[in-house]
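[1] what follows is a predicted structure for the sequence shown.
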Amino acid sequence: MTVYVEIQRIYVASLSDYNAGRLHGVHIDLSECDDVDEVWARINKMLAASPEFKAFPQGGPAEEWAIHDYEGFGEWRISEYQSINTVFVAAKFIEQAHSKEAAAIFLTHKGDDVITADTTVEELEDAFNDHWAGEWESERDFVYNLVEELGLPNVGNPMIPTGPEWNPKPQPLVDLISAYLDWDVLTRDMTDGYTLVSSGGSVYVFRDEA
């Protein structure tokens, strides 16, 4: 199942209106905003048009807000009072990512550990690259690659016949011994320290420690 949604949007509501039983807010397509100041401009414009303020101007302008809905961030949870800069940076990170699906999954599983109110898009991209271990067709393919990286392929250049006549060619040792390996156990043990997420027919892998 795909977790990525094409557009990153948030719905910001006026709390004074909400508490008075009114629905007053603004949907913000973050791809349309070049910087966080543009996001704030739309929020402030919404607050300035508050029906609650217009009905009771003596109470002062509406100032409090909350994020009441969002989409396009995978399963990453955005709190009602999440930093607007954090949300904007996360949106731009996904928007600019080579694999938007991988970026959304990274936010879902690692976002709370790597993003703060002061994080920049560049810092978030660096964190992604530090954790990223690739997109694979299956968990088994990822583990197979880990085994190869241990230095097993072509150790001693073992030769095997490849046709009706003896035609020796180097064969990766991991292929030769594959039948003797318990890949289920290897997959379980060798993926310890990694986060593997299946989505859209692929397996996305991230190191738990950068």
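    Nice, thanks for sending it over.
[2] what's opposite Met204 in the beta bridge?
    Just to correct that, residue 204 is Tyr rather than Met. Beta-bridge partners recorded for Tyr204 (DSSP bridges): Glu135, Val197.
[3] that one contacts Tyr194, correct?
    No. With contacts defined as Cβ atoms under 8 Å, Tyr204 does not count as touching Tyr194, sitting 10.4 Å away. Yep, even glycine has a C-beta here, placed from its N, CA and C like the rest.
[4] what does stretch 132-148 rub up against?
    Residues outside stretch 132-148 that contact it (Cβ atoms under 8 Å, 6 or more residues apart in numbering) are 99, 102, 106, 172, 174, 183, 186-187, 190-191, 194, 196, 201-207.
[5] can I get it as PDB, trimmed to CA atoms?
    Presented in PDB, the C-alpha positions along stretch 132-148 are these (Å, rounded to 0.1, in the frame of the first residue of the first chain):
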ATOM      1  CA  TRP A 132      19.000   5.400   3.800                       C
ATOM      2  CA  ALA A 133      19.900   1.800   2.900                       C
ATOM      3  CA  GLY A 134      18.100   1.500  -0.300                       C
ATOM      4  CA  GLU A 135      14.900   0.300  -2.100                       C
ATOM      5  CA  TRP A 136      14.700  -3.400  -2.700                       C
ATOM      6  CA  GLU A 137      12.300  -5.800  -4.300                       C
ATOM      7  CA  SER A 138      12.100  -7.900  -1.100                       C
ATOM      8  CA  GLU A 139      13.600  -8.300   2.300                       C
ATOM      9  CA  ARG A 140      15.500 -11.300   1.000                       C
ATOM     10  CA  ASP A 141      17.200  -9.200  -1.700                       C
ATOM     11  CA  PHE A 142      18.400  -6.700   0.900                       C
ATOM     12  CA  VAL A 143      19.800  -9.500   3.100                       C
ATOM     13  CA  TYR A 144      21.400 -11.200   0.000                       C
ATOM     14  CA  ASN A 145      23.200  -7.900  -0.700                       C
ATOM     15  CA  LEU A 146      24.300  -7.700   2.900                       C
ATOM     16  CA  VAL A 147      25.800 -11.200   2.700                       C
ATOM     17  CA  GLU A 148      27.600 -10.200  -0.500                       C
END
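[6] list the buried residues in it.
    Within stretch 132-148, the residues scored as buried using 16 or more other Cβ atoms under 10 Å are 132-133, 135-136, 139, 142-144, 146-147.
[7] ranking helices and strands of this structure by mean pLDDT, which lands last?
    Within the chain, confidence by mean pLDDT, DSSP states H and E is lowest for strand 159-160 among all helices and strands, at a mean of 50.
[8] what average pLDDT does stretch 145-157 get?
    Throughout stretch 145-157, pLDDT has a mean value of 62.
[9] same question for stretch 20-32.
    Stretch 20-32 comes out at a mean pLDDT of 96.
[10] now the end-to-end length of it.
    Stretch 20-32 has an end-to-end distance of 31 Å (Cα to Cα, to the nearest Å).
[11] low-confidence stretches in this structure?
    Counting by pLDDT under 70, the chain contains low-confidence ranges at 1-5, 151-180.
[12] would you list every one of the strands in it?
    Along the chain, counting by DSSP state E, strands occupy 9-14, 25-29, 65-71, 132-136, 159-160, 169-170, 194-199, 202-207.
[13] most tightly packed of those strands?
    The highest mean neighbour count among the strands of the chain, using mean count of other Cβ atoms under 10 Å, belongs to strand 9-14: a mean of 22.
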